[in-house]
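J.: sequence and predicted structure are below.
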Protein chains: 2
Amino acid sequence: MAGSVTPTLHFGVVLFPGFQALDAFGPLDCINVLSWSENISLSLLASSLDPVTTKPSALPGAIGQRIMPTHTFGTAPPLDVLLIPGGLGTMGSSPILQDIISFIQRVYPQLKYLITVCTGSGLAAQARVLDGKRATSNKKVLKTIISLGPQVHWVSQARWVTDGNIWTSSGVSAGIDATLAWIEKVFGKEKAQDIANEIEYCRHESASSDPFACLHGL
Amino acid sequence: MAGSVTPTLHFGVVLFPGFQALDAFGPLDCINVLSWSENISLSLLASSLDPVTTKPSALPGAIGQRIMPTHTFGTAPPLDVLLIPGGLGTMGSSPILQDIISFIQRVYPQLKYLITVCTGSGLAAQARVLDGKRATSNKKVLKTIISLGPQVHWVSQARWVTDGNIWTSSGVSAGIDATLAWIEKVFGKEKAQDIANEIEYCRHESASSDPFACLHGL
């Protein structure tokens, strides 16, 4: 129950223009429900405190939604868990992406856990925190992501991959499965299944079973 | 492709304190991706232009995220499609919920389509737009929702239900399936599958197959 005596787990989520909505809000919905029974704090981190849009700048006709951050990368409180969503906004280079890559480099040594969704693993790869580790990413653009982390052991068929304290998921919806797998590891299988039932989500329970790799010749 | 000559489809989403994040952002992610290839406009509707939190007021220890609306219920533009998410914030009675119920009553006659997710069907039921129609809702709280719409033909085992121009889904994640089913109806099966592949989501393709009803004795 909320108010239990377990220590608060400090959760942070990186936001940037063109993040994919479900990459963030699939995992966040799981963490929101987790916070109904466990002590969780949440920081939504961005380059400024202005609302952050999901609209990809490369697609002028696309729609988007705007989310309020709670902290900048410079004012982020100490974190236990960092979640990095992906999306078209991870592609290319920009001062905001460079800030995020520097932030990941800076905070990773203090984290208990790192979770990436979709092309969020490309940002983690550029921060070199995946070097020497097994990881996965969105399957449609895996080749591009591989080029961002040549020292990473990329897994081309996986719903998600765990290596040490890092969970990396395949594209978009797979972030929900990776997050539920992380909840199972940290809070137990019953808690993970309770949350899946609460959100009426049929979990992919096998990390290695990937229904989408074959669509892209992987 | 964006910029095609098909008429713009005007999409609206109702926001209120304590809406369930994934109820809105599962369907919205599908609509976001749809807008990469079709002409879509989006209005996020709330009682004021202040950010709307997903945090349920009944759970003081819970975390939440804050989303920026684009219009109030009073300034909403003409809409073709209205999406009503659910969540703990739909429960009980409040001036904001009364405003939403009045808004649904007022705009439904002009809509081409209405989509509800989870307990969002309880708001539609109170607006009496489901009377005489088949509909479903979140399975954990179906009995409560049934009491809000005694003239509705509630379906206790369904991932989603279509009746006329109304799509109602089961809890939370089921909103993604209902939205993809709606996209299949309006834009064709290939488009729906393309979007499911883009977000690496394994669709529930049968509306009547419900993995969660049995958990609640339905």
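T.: Ah, there it is. Numbers count the residues shown, from 1 in each chain, chains lettered A, B, ... in the order given.
J.: quick one: end-to-end distance for stretch A:6-23.
T.: 28 Å (Cα to Cα, to the nearest Å).
J.: tell me the mean pLDDT for it?
T.: Average pLDDT, stretch A:6-23: 96.
J.: quick check, that stretch touching chain B?
T.: Yes - Stretch A:6-23 reaches chain B (Cβ under 8 Å from any Cβ of the partner chain) through A:11, A:20-22. For the C-beta atoms, the positions are set from N, CA and C on the backbone; glycine is no exception.
J.: can I get these in JSON lines including neighbour count and secondary structure?
T.: Listed next are the residues of stretch A:6-23 next to chain B as JSON lines, based on neighbours: other Cβ atoms under 10 Å in any protein chain shown; DSSP: H, G, I helix; E, B strand; the rest coil:
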{"residue": "A:11", "neighbour count": "23", "secondary structure": "strand"}
{"residue": "A:20", "neighbour count": "30", "secondary structure": "coil"}
{"residue": "A:21", "neighbour count": "27", "secondary structure": "helix"}
{"residue": "A:22", "neighbour count": "33", "secondary structure": "helix"}
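J.: how near is the closest residue to residue A:207 other than its chain neighbours to residue B:140?
T.: Spatially, and ignoring its direct neighbours in sequence, residue A:207 is nearest to residue A:160 (5.2 Å; Cβ to Cβ, 6 or more residues apart in numbering or on different chains). For residue A:160, the distance to residue B:140 equals 27 Å [Cβ to Cβ, to the nearest Å].
J.: and those two? Which one has more around it.
T.: residue A:160 (28 against 19; other Cβ atoms under 10 Å in any protein chain shown).
J.: distance of the more buried one relative to chain B?
T.: 11 Å (Cβ to the nearest Cβ, to the nearest Å).
J.: okay, now the unreliable bits of chain A?
T.: A:1-5 (pLDDT under 70).
J.: the strands in it, which residues?
T.: With strands called from DSSP state E, chain A shows them at A:9-14, A:40-46, A:52-53, A:66-67, A:71-72, A:81-84, A:113-116, A:134-135, A:153-154, A:160-163, A:166-169.
J.: return the most buried member of the ones you listed.
T.: strand A:166-169 (a mean of 29; mean count of other Cβ atoms under 10 Å in any protein chain shown).
J.: for that strand, which outside residues touch it?
T.: A:113-118, A:120-121, A:124, A:129-130, A:133, A:135-137, A:159-161, A:175, A:177-179, A:181-182 (Cβ atoms under 8 Å, 6 or more residues apart in numbering or on different chains).
J.: coming back round to it: who touches the residue nearest to residue A:207 in this structure?
T.: Counted by Cβ under 8 Å, 6+ apart, residue A:160 has contacts A:136, A:167-170, A:174, A:177-178, A:181, A:207.
J.: of those - the most surrounded one?
T.: residue A:169 (35 neighbours).
J.: and the spatially closest residue to that residue that is not a sequence neighbour, how far from chain B?
T.: Leaving aside its sequence neighbours, residue A:169 sits nearest to residue A:178 (Cβ to Cβ, 6+ apart; 3.6 Å). Distance of residue A:178 to chain B, given as Cβ to the nearest Cβ: 12 Å.
J.: same deal with residue A:98?
T.: Residue A:98 is 25 Å from chain B, by Cβ to the nearest Cβ.
J.: okay, now the nearest residue to residue A:193 once chain neighbours are set aside: neighbour count?
T.: Nearest residue to residue A:193, sequence neighbours excluded (Cβ to Cβ, 6+ apart): residue A:203, at 7.6 Å. For residue A:203, the neighbour count with other Cβ under 10 Å is 16.
J.: where does residue A:203 fall, phi/psi-wise?
T.: Here is the backbone geometry of residue A:203 (degrees, to the nearest 10): phi -60, psi 140.
J.: now residue A:156: how far from residue A:128?
T.: 21 Å.
J.: with residue A:31 instead?
T.: 26 Å.
J.: what of residue A:213?
T.: If you go by Cβ to Cβ, the gap between residue A:213 and residue A:128 works out to 25 Å.
J.: circling back: which among the residues of stretch A:6-23 next to chain B gets closest to residue A:80?
T.: residue A:11 (7.0 Å; Cβ to Cβ).
J.: bridging residues for the closest one?
T.: residue A:42, residue A:81 (DSSP bridges).
J.: hang on, residue A:11 packs against residue A:39?
T.: No - shown here, residue A:11 and residue A:39 do not form a contact pair, counting by Cβ atoms under 8 Å, at 10.7 Å.
J.: so what does residue A:85 look like in phi/psi?
T.: According to degrees, to the nearest 10, residue A:85 has phi -80, psi 170.
J.: could you find the closest non-adjacent residue to it?
T.: residue A:23 (3.4 Å).
J.: hmm, back to that, more neighbours, residue A:213 and residue A:128?
T.: Neighbour totals were compared for residue A:213 and residue A:128, and residue A:213 leads with 19 against 15 (other Cβ under 10 Å).
J.: how near is the residue lying closest to the more buried one once chain neighbours are set aside to residue A:202?
T.: Leaving out its chain neighbours, the residue that sits closest to residue A:213 by Cβ to Cβ, 6+ apart is residue A:157, at 4.4 Å. Applying Cβ to Cβ, the value for residue A:157 to residue A:202 is 20 Å.
J.: and if you look at residue A:81?
T.: 24 Å.
J.: what of residue A:141?
T.: Distance from residue A:141 to residue A:202, by Cβ to Cβ: 25 Å.
J.: higher neighbour count, these two?
T.: residue A:141 (18 against 13).
J.: nearest residue to that one other than its sequence neighbours?
T.: Closest to residue A:141 by Cβ to Cβ, 6+ apart is residue A:119, at 6.3 Å.
J.: next one: residue A:110
T.: That would be residue A:78: by Cβ to Cβ, 6+ apart, it lies 6.5 Å from residue A:110.
J.: my read: the one you found touches residue A:10, true?
T.: Yes - with contacts counted by Cβ under 8 Å, residue A:78 reaches residue A:10, the gap being 6.3 Å.
J.: dig out what the closest residue in space to residue A:165 that isn't next to it in sequence forms beta bridges with.
T.: In space, and not counting its chain neighbours, residue A:165 is closest to residue A:113: 5.1 Å by Cβ to Cβ, 6+ apart. Going by DSSP bridges, residue A:113 is paired in beta bridges with residue A:81.
J.: ok, residue A:113 - contacts?
T.: By Cβ under 8 Å, 6+ apart, the neighbours of residue A:113 are A:80-82, A:165-167, A:182, A:186.
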